[in-house]
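Trainee: Sequence and computational prediction follow.
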Amino acid sequence: MTLRPEYVKLLQDMAAMQVPELWEIPISQTRSFSQAQLKIAADLAPIHSITDRYIPGPTADLHIRIFRPNDSANLPCIIYFHGSGWTLGFIDLFNPCLSMLSKESESIVIAVNYQKAPEHPFPEPFNDCYATLEWAVNNATELGIDPKNISVGGDSAGGNLAAAVALRCRDEQLISLASQLLVYPCTNKDFSTKSYERFASGYGLSTKAMQWFWDQYIQDARHADNPYACPARAASFENSPPTVLITAQYDPLTSDGENYRDLLIRDGVEVAYKEFAGVIHGFFRAPEITTASNEAITFVSHELKKLRR
């Protein structure tokens with residue numbers, strides 16, 4: 001399928017703006033561009049409540065946001081880690097899609113503002129995310145969470161974090177996760193894949209940008225083969241949770257998602273997979289731009305419900 005018309009226009013507008021590359025300007029300026037995106041954000045889905053809290057993290061208190069679809073007790077829960085290259089994003093940008101995910105999946109969604117690279121490189125963001133899962137597990141009763149139905153999820157760099165947290169959860173036997181939701185995840189620092197080459201530039205996220213993001217996150221070469229940094233490098237994926245994984249057709253990270261899907265299936269993990277046609281990286285959190293966002297949220301919600309215990 002060719003690019004959807006809304007993305008043809010978006011990419012043309014982006015090219016006309018001549019926005020500097022990430023590595024050409026201070027990261028504080030790039031983060032200010034992210035703040036500006038809030039001006040065009042879509043409305044939030046109608047849900048029961050959205051609550052902000054701070055919880056203790058390994059090196060700092062962590063801001064979390066709890067999206068609750070209704071006032072029922074014993075609800076499923078998704079611990080969600082947002083994307084934006086481990087460096088730029090914050091929860092507010094994801095309010096529309098996470099409120100919709102909470103509504104459609106009938107789950108409590110807990111999103112965390114983990115500490116960001118380059119100021120906080122691996123393993124700090126990863127440790128923050130794992131600590132958030134631990135906190136939710138330990139406080140499930142207070143939060144009205146069904147402890148049998150806790151999942152992790154994330155998009156892009158957040159998909160990397162979700163996959164890594166799921167691996168550590170398995171390794172340390174914290175709990176048996178109900179599922180993991182991986183939205184166009186970056187799972188390996190390998191820029192020779194088919195999609196990195198085919199969609200290297202001209203489709204929003206570029207291969208050079210991903211190289212820059214990875215360099216901010218993994219600053220110590222000793223971590224390059226750590227599966228908690230690069231989940232695709234795990235020795236085995238046996239006993240990983242059932243997985244819902246989606247990708248975008250025009251995305252440098254499409255191959256990362258496909259390759260991770262294949263690794264999971266190889267080791268006997270149940271995977272529901274769908275590539276969304278005609279869209280670029282980031283579509284999942286952009287209902288103000290494309291109807292594909294709500295289509296994807298409906299799809300993953302349906303699949304997550306099927307995996308409940």
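Mentor: Perfect, thanks for sending it.
Trainee: Tell me how far residue 244 lies from residue 167.
Mentor: Separation of residue 244 from residue 167 (Cβ to Cβ, to the nearest Å) stands at 17 Å. Bear in mind the C-beta positions are built from the backbone N, C-alpha and C, glycine included.
Trainee: do residue 306 as well
Mentor: Counting by Cβ to Cβ, the gap from residue 306 to residue 167 is 23 Å.
Trainee: same thing with residue 145?
Mentor: Residue 145 sits 22 Å away from residue 167, going by Cβ to Cβ.
Trainee: What residues sit buried inside stretch 35-52?
Mentor: By neighbour count with 16 or more other Cβ atoms under 10 Å, stretch 35-52 contains the buried residues 41-42, 44-45, 47, 50.
Trainee: Sitting in strands, which of these do you find?
Mentor: Of the buried residues of stretch 35-52, the ones assigned to strands by DSSP state E are residue 50.
Trainee: how about the buried residues of stretch 35-52 in TSV, adding distance to residue 265 and pLDDT?
Mentor: Formatted as TSV, these follow (distance: Cβ to Cβ, whole Å; pLDDT from 0 to 100):
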residue	distance to residue 265	pLDDT
41	36	76
42	34	79
44	35	91
45	32	91
47	34	97
50	36	97
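Trainee: Please identify which helix or strand holds residue 142.
Mentor: Per DSSP states H and E, residue 142 falls inside helix 140-143.
Trainee: buried ones in that helix?
Mentor: 140, 143.
Trainee: Neighbouring strands - and their directions - for whatever helix or strand comes next after it?
Mentor: Once the chain leaves helix 140-143, the next helix or strand it forms, by DSSP H and E, is strand 145-155. Strand 145-155 sits in its sheet next to strand 75-81 (parallel), strand 179-183 (parallel), going by DSSP bridges.
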